[in-house]
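In: Next input, structure requested:
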Amino acid sequence: MDWSDSWRGAFRIELRAEAVSLAYRGWPVLPGTYPAGTENGVTQWAGRSGLELHGPIPVHRDWVDRIGTRPDQVATWWTGRSYSLLVATGHVVDAIEVGTDLGRRAAVALRSIGVPVPIAATPSGRWMFLVKSGSKLNAELGNNADVHLYGKGEYIPLPPTPMAHGVVHWRVKPSICGWNLPDAHVVQDALVEALHAPAGYQLETV
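Out: Have a look, this model is predicted:
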């Protein structure tokens, strides 16, 4: 992708607006590092010195202490740079991350029971189901290498964060769910159902 100054500038306003919106809803927003060009075919990340980065991480080393920052302060973080939009998990929001195939199957299962769930997806093909904080993965999902639960002490990128080969985007926006996060067990049940779906299972478009 084109990581020129003009490209990043176009994203900065959108990133700032989304960050402030999430902060007003109580989501623990954090600024993250951002792509700043390539060198020898490897994406370089800017916004935090002293580290060789391979993806967005919090700009502030004391990011844990900044969880819960007021929306007006959040707005100032994006005043000059196109920081990535990160949300700390383990406080209001957790995320269950899976691969594209499993994610699609689980989304179909959730839709079949009329339960919309916010879902974000990365350009690398990872789907993140956003859920209420505080639960652990059940044994079956915990032993599955394709499943990861982001909880306390972790963070996730949310749209419209730029990545090495695209932009994090919503598969299902939080507004469609009325900004209500489901209990984690609802998503876990759908994931287990998806894992056991018969061969040749036909998916709807999600």
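
In: so residue 90 touches residue 151, yeah?
Out: Yes: the pair residue 90 / residue 151 is scored as a contact, 4.6 Å apart, by C-beta atoms under 8 Å. Where C-beta positions appear, they are placed from N, C-alpha and C, glycine not excepted.

In: Now for these two: what residues contact both?
Out: Taking C-beta atoms under 8 Å, 6 or more residues apart in numbering as the criterion, residue 90 and residue 151 both touch residue 133.

In: Wait, residue 169 touches residue 120, no?
Out: Yes: at 7.1 Å, residue 169 counts as touching residue 120 under the criterion of C-beta under 8 Å.

In: Name the residue in these two with the higher neighbour count.
Out: Between residue 169 and residue 120, counted using other C-beta atoms under 10 Å, residue 120 has the larger neighbour count: 24 against 15.

In: So what sits opposite that one in the bridge?
Out: residue 128, residue 170 (DSSP bridges).

In: Run a quick check on it versus residue 167, I expect a contact.
Out: No: Residue 120 lies out of contact with residue 167 (C-beta under 8 Å); the separation is 10.7 Å.

In: returning to what we had before: so what's in contact with residue 169 and residue 120 at the same time?
Out: Joint contacts of residue 169 and residue 120 (C-beta under 8 Å, 6+ apart) are residue 159.

In: For stretch 110-127, what does the pLDDT average out to?
Out: What stretch 110-127 shows for mean pLDDT is 94.

In: quick one: the lengthiest helix in the chain to chain centroid distance?
Out: Ranked by number of residues, the top helix in the chain under DSSP state H is helix 5-24. Its chain's C-alpha centre and that of helix 5-24 lie 15 Å apart, by C-alpha atoms, centre = their mean, to the nearest Å.
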